[in-house]
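# My questions are about this predicted structure, shown below with the sequence.
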Amino acid sequence: MITFGLSTVVDVFRVISDSVVYRSALVFYGAYPITMACVWIVLSVSFARRREGKAAPIKAAPAGADPRSLPFVSVVIPAHREAETIGRTLEALLAVDYPLYEVIVVNDGSPDDTAAVVRRYIHTDVVRLLDKTVNEGKAMGLNDALPLCRGEIVVVLDADIVVTPGVLRALVPHFATSRVGAVTGNPRVANRGSLLRNLQTLEFASIVSVQRRAQRIWGRVLTVSGAVAAFRKTALVDVGLFSPDMATEDIDMTWKLQRRFWDVRYEPAAVVWMEVPPTLRELWKQRRRWAKGLAQVLSKHRGLAMSWKCRRLWPVFWEGVLSIAWAYTFLVLTTYWLVAHALGYSPYGSSPIPSLWGMLTATACLTQLATGVMLDRRYDRGLARYFPFAVLYPLVYWLLMSVISAIYTIDGLLRKRPSVQVWHIERVGVRAGAQSFAQIESL
Amino acid sequence: MLQRETARSLGVAFGLVGALLTICVIAMMAWTSYNIRLARKAKRRQSNREVVICWERDTLGRRLELPAGELACTAPEVRVVLKGGVKAYIAVDPEEL
């Protein structure tokens, strides 16, 4: 009876293996990463040649420029339970090489000493404090700070980052073009050291930065960085400010701006140093939020998939959809192969020994990672030494990210959104981060 | 691994990757030039659209009470207090700091 049952199951697996659906899934599974790696490499190199070379059309405002020729900038930092990090962030901001700016820290109902730490910097006449008694989340904090901003350009920073002195000079010149609604900067990982953090270092250089460069050539970007982005205040008001109900207000804002035909740009020279999640648990939580957020945004803006008016957003929209579809394909195929092997059946394409196509996929991934390291090493000189970790990227990281993406996309699509997404922060590894920031100069 | 594969399968694989790369380059060049053409032809917006900035209500529809005059933009510390559906911004007296 058991033998009959097993042979029936194996027969079912054999039928699946011979089906058109399985073969199509296999082709998609192999072709998608290779195709996208080709796209990202070609376009990011094109961006670097056109926008980062000597003939770049936008250059940072020169250090000796007349202050009257530069616009006033308001830097807004939403903060919740950041007493241990906000002082370091403000110290770096006070050393910024820009004549006309203010820093507004939004203390969003923190139960710790965040407000007290910020008050120590008020005497500088640069730092101001917006003290909210109730935790209403990052989006509401940003919206609440806007009426206090003196500048037309609003730079949003995370509370745990350290800016480089030239960050405002790099971001601001883009706003000379009146259709520019936002410019995103280039966050780099400061707290390196463990395998997980080194993989994230590589990811930010070789996946995030490469994709942003490529998307700029597409004409539209998937998202501005939540860690560092500059916005035109008029544009924010035009699109109805940040949405407090979205898990990732930065992705949503990017799409809202672009749907209203505001340009969103990427400025790789606007470098900031940030901390990445040091533990698997923290990384899981962060990526859960990102996966949910992307699913929410794709669902909210699904109408543009067929909108001719918004056709410039099609590449970004469909790439987002396909990346989620690939995560599901990856998971379903892997599960199918594992079960099939456990039953003693080996379907086509399931060999654990890398086949030619497996090697090609891995090579495409490594070539993309190498391109990212090559393009970003001018902003992060120590980056090349993390390239050996790239071997683990397609093996470990893809699996992890696919699992998270597959699980939480459904969550993001099906679960009803709360009216306000409030802060849930647990600070982990702050001491390790502080040491890393002390070492930034040597990188 | 390369020794396991036949010359034909290697040729097919590398040929496909080469074709993919060529298609990517051509498609991206076509898309980019289309974008540029679109920008030139459609006379993309060159000036800010008329946007009236008015801080009367927050994103959740609650009424805002801001400090009078320039104080909202100059006070070193502002407290936000929610009372009865109103979001009040209270400038903290510098003497208190």
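Sure, I can see it. All values reported here derive from a predicted model rather than from experimental measurement.
# any residue of the helix or strand harbouring B:Leu64 up close to chain A?
B:Leu64 is part of strand B:63-65 when elements are defined by DSSP states H and E. Yes: judged by C-beta under 8 Å from any C-beta of the partner chain, strand B:63-65 comes into contact with chain A at B:Leu64. For every residue, glycine as well, the C-beta is placed using N, CA and C.
# packing partners for the next helix or strand after that strand?
Per DSSP H and E, strand B:63-65 leads on to helix B:71-74 as the next helix or strand towards the C-terminus. Under the contact definition 3 or more C-beta pairs under 8 Å, 6 or more residues apart in numbering or on different chains; DSSP states H and E, helix B:71-74 sits against strand B:86-91.
# Average pLDDT for the strand it packs on, rounded please.
When pLDDT is averaged over strand B:86-91, the result is 93.
# can you check stretch A:349-362 too?
77.
# Other residues contacting it?
Stretch A:349-362 is contacted by residues A:26, A:30, A:33-34, A:333, A:336-337, A:340-341, A:394, B:1-2, B:5, B:9-10, B:13, B:17 when judged by C-beta atoms under 8 Å, 6 or more residues apart in numbering or on different chains.
# How far does it sit from its chain's centre?
29 Å (C-alpha atoms, centre = their mean, to the nearest Å).
# Ok, stretch A:39-53 next?
19 Å.
# hmm, back to that, which members of the contacts of stretch A:349-362 are positioned in strands?
In strands, judged by DSSP state E, none of the contacts of stretch A:349-362 are found.
# Pull out the buried members of those.
A:Leu26, A:Gly30, A:Pro33, A:Ile34, A:Leu333, A:Tyr336, A:Trp337, A:Ala340, A:Pro394, B:Ala13, B:Val17 (16 or more other C-beta atoms under 10 Å in any protein chain shown).
# Looking at these, which one is closest to A:Trp326?
Of all the buried ones among the contacts of stretch A:349-362, A:Pro33 has the smallest distance to A:Trp326: 7.3 Å, by C-beta to C-beta.
# Now that closest one: closest residue in space, sequence neighbours ignored.
The shortest distance from A:Pro33 to any non-neighbouring residue, by C-beta to C-beta, 6 or more residues apart in numbering or on different chains, is to A:Thr361 (5.3 Å).
# any idea how far A:Gly240 is from that neighbour?
Per C-beta to C-beta, to the nearest Å, A:Thr361 is found 42 Å from A:Gly240.
# now swap in A:Asn143 and tell me
Distance of A:Asn143 to A:Gly240, given as C-beta to C-beta: 10 Å.
# quick one: which of the two has more around it?
Using other C-beta atoms under 10 Å in any protein chain shown as the criterion, A:Asn143 and A:Gly240 rank with A:Asn143 on top: 24 against 12.
# Give me the three-state assignment for that one.
Assigned state for A:Asn143: helix (three-state reduction, DSSP: H, G, I helix; E, B strand; the rest coil).
# Residues of the stretch 201-350 of chain A that sit close to chain B?
Residues of the stretch 201-350 of chain A lying near chain B (C-beta under 8 Å from any C-beta): A:217-219, A:232-235, A:237-238, A:240-244, A:261, A:312, A:315.
# If anything else comes up later, I'll come back, but that's it for now.
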